[in-house]
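Novice: pasted the sequence and its predicted model underneath.
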Amino acid sequence: MKLKTTKFRALTFTVLIEEATSTGADGQPLFYLASVYKLTDNGSKQLLRRSRLPGAALTLKIELQRDGLRAFDRL
């Protein structure tokens with residue numbers, strides 16, 4: 001199992017994306033899970049979105065860079 005963590009700064013807060021993936025012995029994906037958190041100043045995490053669709057974290061990152069906070073209106 002691989003865990004990939006991406007952190008980037010939005011306008012007013014920091015977004016943390018954790019992606020967990022696992023593949024079988026033959027290279028086929030077994031599962032994918034992306035969790036998107038809002039990091040607060042005191043270090044706590046607030047879950048914003050969770051997805052099992054591969055590539056969802058990259059899509060959200062692009063939407064945040066393009067639309068800013070308006071991207072969360074569609075949640």
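Specialist: In hand now; what should we look at? Since we're looking at a predicted model, the values are computed, not measured. Numbering: from 1, shown residues only.

Novice: which SS state does the residue lying farthest from the centre of the chain fall under?
Specialist: The outermost residue of the chain, judged by C-alpha distance from the chain's mean C-alpha position using Cα atoms, centre = their mean, is residue 26 at 26.5 Å. Going by DSSP: H, G, I helix; E, B strand; the rest coil, the secondary structure assigned to residue 26 is coil.

Novice: look up how far residue 55 lies from it.
Specialist: Applying Cβ to Cβ, to the nearest Å, one obtains 21 Å for the distance of residue 26 from residue 55. Heads up, the C-betas are built off the backbone N, CA and C, glycines and all.

Novice: over to residue 7?
Specialist: Between residue 7 and residue 55 the distance is 18 Å, computed by Cβ to Cβ.

Novice: pretty sure residue 39 sits against residue 14.
Specialist: Yes. Taking contacts as Cβ atoms under 8 Å, residue 39 lies within contact range of residue 14: 4.2 Å.

Novice: my guess is residue 68 meets residue 11, correct?
Specialist: Yes. Under the criterion of Cβ under 8 Å, residue 68 lies in contact with residue 11, with a separation of 5.6 Å.

Novice: these two: which has the busier surroundings?
Specialist: A direct count of neighbours by other Cβ atoms under 10 Å for residue 68 and residue 11 places residue 68 higher, at 12 against 7.

Novice: now the more buried one, what's its secondary structure?
Specialist: The three-state assignment at residue 68 reads helix, by three-state DSSP.

Novice: cool, and residue 61?
Specialist: Local secondary structure at residue 61 is given as helix here, using three-state DSSP.

Novice: same question for stretch 6-17, mean pLDDT?
Specialist: With pLDDT averaged residue by residue, stretch 6-17 scores 81.

Novice: cool, and stretch 43-58?
Specialist: For stretch 43-58, the per-residue pLDDT averages 83.

Novice: buried sites along it?
Specialist: Buried residues in stretch 43-58, counted by 16 or more other Cβ atoms under 10 Å: 49, 51, 56, 57.

Novice: just checking, the last one touches residue 6?
Specialist: Yes. Taking Cβ under 8 Å as the contact criterion, residue 57 and residue 6 are neighbours in contact, 6.9 Å apart.
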